[in-house]
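**Q** can't give you the sequence, but here's the structure:
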């Protein structure tokens, strides 16, 4: 080894150690590197040596799922994913890690400034992939859907074009279970009186209000009484205790349409404006919200998921926590008419409809494109959990 090369490597190791100490001390993720630096551009590439699965490993049973140990070569696209995007989500998980992954978080933080080659090699060295299967056997393919954070316009006070209120939790919610249904809230004087003064903002469209309630949170640009405009987040606070009923399912059952996606439902509503309440009242569940400030930094991430950390667009998924613990890195593969995904994601959320071993809801982000994807995505899914080597469940 030449002296200049030794000096460069010594200097690089010293800088890495200093940065790791800084990151560990402040407990926050560094700003992402530009794409060229993060991808390891300019570094010599070498074929990735994928280790075989250890024959001594046993399958792991977790709730209603079985994790079957496999070789890294089984993971589609493992050698081509842009891992630095997933690292942003992993850094968020390290804000509230479970006991299994807490010991890895110092290394995860250090590698946030590493190249993708270094990140990929670390995964090979420290983790073991397990294919997620239903406990009862059968197909290893499941279902992938998506969700998003709506972006809406609202007013703080009602007006001619803003008449649809979104509410805080009612004061007597716990005393009456289930509480008033959606139809009762819209029609009964006693329900309206119980919600008087609990209004947060007013929307212009009752369908937008239901979309926000189904998604569980949203970004809202609110016009205040003085004319100023603020960006806030409405986060999930609770619901009225009634079961969720899909209005798309009802339309299919009534043979009103064949496309039960949100674009299809909206098209039906444009053709049947007099039946808006009839359709919306088919879902008796009403979600209540709490208002959160949305700083410029917070706006770069989604709402907090069930793990308690902000979601990262394209890299956070909702899972059944009985099958996959929160904070677990997961390899996701799905191919269909809407999108092809082969990537590292983090299990950071759940939902009432997310049940089963091979089931995930993909956080698409916010805005129109994310909403379009979330409204249409429903395609086959395969999952692999990446579990620390030498750690029993």
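**A** Great, that's in hand. Not measured: the values here are computed from a predicted model. Residues are numbered from 1 along each chain as shown.
**Q** just how off-centre is stretch 250-261 within its chain?
**A** 27 Å (C-alpha atoms, centre = their mean, to the nearest Å).
**Q** What are the buried residues along it?
**A** Of all the residues in stretch 250-261, those buried under the rule 16 or more other C-beta atoms under 10 Å are 251, 256, 260, 261. In this view, the C-beta of every residue, glycine as well, is placed from N, C-alpha and C.
**Q** just stretch 162-173 next, same as before
**A** 162, 164, 165, 166, 167, 168, 169, 170, 173.
**Q** Hmm, the first one is touching residue 205, no?
**A** No: with contact defined as C-beta atoms under 8 Å, residue 162 and residue 205 do not form a contacting pair (9.5 Å).
**Q** quick one: the helices in the stretch 51-200 of the chain?
**A** 83-93, 105-111, 116-126, 182-187, 189-194 (DSSP state H, counting those that start in this stretch).
**Q** Show me the one of these that comes nearest residue 386.
**A** Of all the helices of the stretch 51-200 of the chain, it is helix 116-126 that lies closest to residue 386, at 6.7 Å by C-beta to C-beta.
**Q** Check which helices and strands that closest one sits against.
**A** In terms of contacts (3 or more C-beta pairs under 8 Å, 6 or more residues apart in numbering; DSSP states H and E), helix 116-126 is packed against helix 83-93, helix 105-111.
**Q** So which of the ones you listed is the most surrounded?
**A** helix 83-93 (a mean of 24; mean count of other C-beta atoms under 10 Å).
**Q** of the buried residues of stretch 162-173, closest to residue 313?
**A** Residue 313 lies nearest to residue 166 out of the buried residues of stretch 162-173, by C-beta to C-beta, at 23.3 Å.
**Q** What's opposite the closest one in the beta bridge?
**A** Taking DSSP bridges as the rule, residue 166 bridges to residue 201.
**Q** That one touches residue 204, doesn't it?
**A** No: with contact defined as C-beta under 8 Å, residue 166 does not reach residue 204; the gap is 11.8 Å.
**Q** now residue 293: how far from residue 299?
**A** Going from residue 293 to residue 299 by C-beta to C-beta, to the nearest Å gives 10 Å.
**Q** Mind checking which of those two has more residues around it?
**A** It is residue 299, of residue 293 and residue 299, that has more neighbours when counted by other C-beta atoms under 10 Å, with 12 against 9.
**Q** can you list the weak-confidence ranges in the stretch 51-200 of the chain?
**A** By pLDDT under 70, the weakly predicted segments of the stretch 51-200 of the chain are 53-55.
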